[in-house]
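Engineer: What follows is a predicted protein model with its sequence.
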Amino acid sequence: MKLSSGAPAAPRLQRQELLRRARAAAQPLRAAFPAVQALRLELKFEGPVANVPATQAHVLYPPAAAFFEFACPYADCDGRFDLTQAVESTLRRSGPQAHGVLECSGLRVRQRGAREPCGLRLEYQIQTTYQAPR
C-alpha cells in the first residue's frame with residue numbers, strides 16, 4: 001500500500017528548484033547591505049488547523065544570499081512568504097527590528113483532491129545587528 005500526500009511531487013519540486021535558483025542568483029548580503037553584521041528572521045506560524053508548523057529562525061551573515069522568500073511549510077501547498085519588502089524597508093531605514101504578519105496565498109489539496117486556500121499566517125520578527133562604525 002502506497003501512501004500519498006495528495007499533491008503531485010513534480011510541481012512541488014519545480015517550486016523548490018525555482019526558489020533554489022533565485023536564492024543562488026541573489027547577491028550577498030554584504031553587497032546589498034554593507035552595514036549589516038547579522039540579520040535574524042523568526043517565522044512563527046498560525047493557522048486554521050491545530051497542527052501548525054514549528055517556529056523557524058534564520059540567521060544570515062554577510063556572505064549569505066540577500067534572499068528573503070520562503071516556501072509555505074505545508075508540502076501540499078503551492079504558496080510562499082515573501083519578506084523581501086519588509087526586510088529591505090527595515091534595512092534601508094537602518095532599523096534594528098520590525099515585525100508583521102503575512103498570509104499564505106497558496107492553495108492546498110484537501111479532501112477528494114479539491115484545492116482550497118491555505119490560510120496559514122506568518123508572524124515574522126526581523127532583528128538586525130549592524131557593524132560598528134569605523
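Structural biologist: It's in.
Engineer: Burial check on the nearest residue to residue 97 once chain neighbours are set aside, number of neighbours?
Structural biologist: Using Cβ to Cβ, 6 or more residues apart in numbering and skipping the chain neighbours, the partner closest in space to residue 97 is residue 127 (4.9 Å). All C-beta spots, glycine's among them, are computed from the backbone N, C-alpha and C. By other Cβ atoms under 10 Å, 17 other residues sit near residue 127.
Engineer: In this structure residue 74 contacts residue 53, no?
Structural biologist: Yes. Because the distance of 7.2 Å satisfies Cβ atoms under 8 Å, residue 74 is recorded as touching residue 53.
Engineer: shared neighbours, those two?
Structural biologist: Common neighbours of residue 74 and residue 53, counting by Cβ atoms under 8 Å, 6 or more residues apart in numbering, are residue 120.
Engineer: who's more crowded, those two?
Structural biologist: residue 74 (21 against 15).
Engineer: List the residues that contact the more buried one.
Structural biologist: The contact partners of residue 74, taken as Cβ under 8 Å, 6+ apart, are 53, 108, 118, 120.
Engineer: Please identify the helix or strand for the first one.
Structural biologist: When secondary structure is defined using DSSP states H and E, no element contains residue 53, which sits outside every helix and strand.
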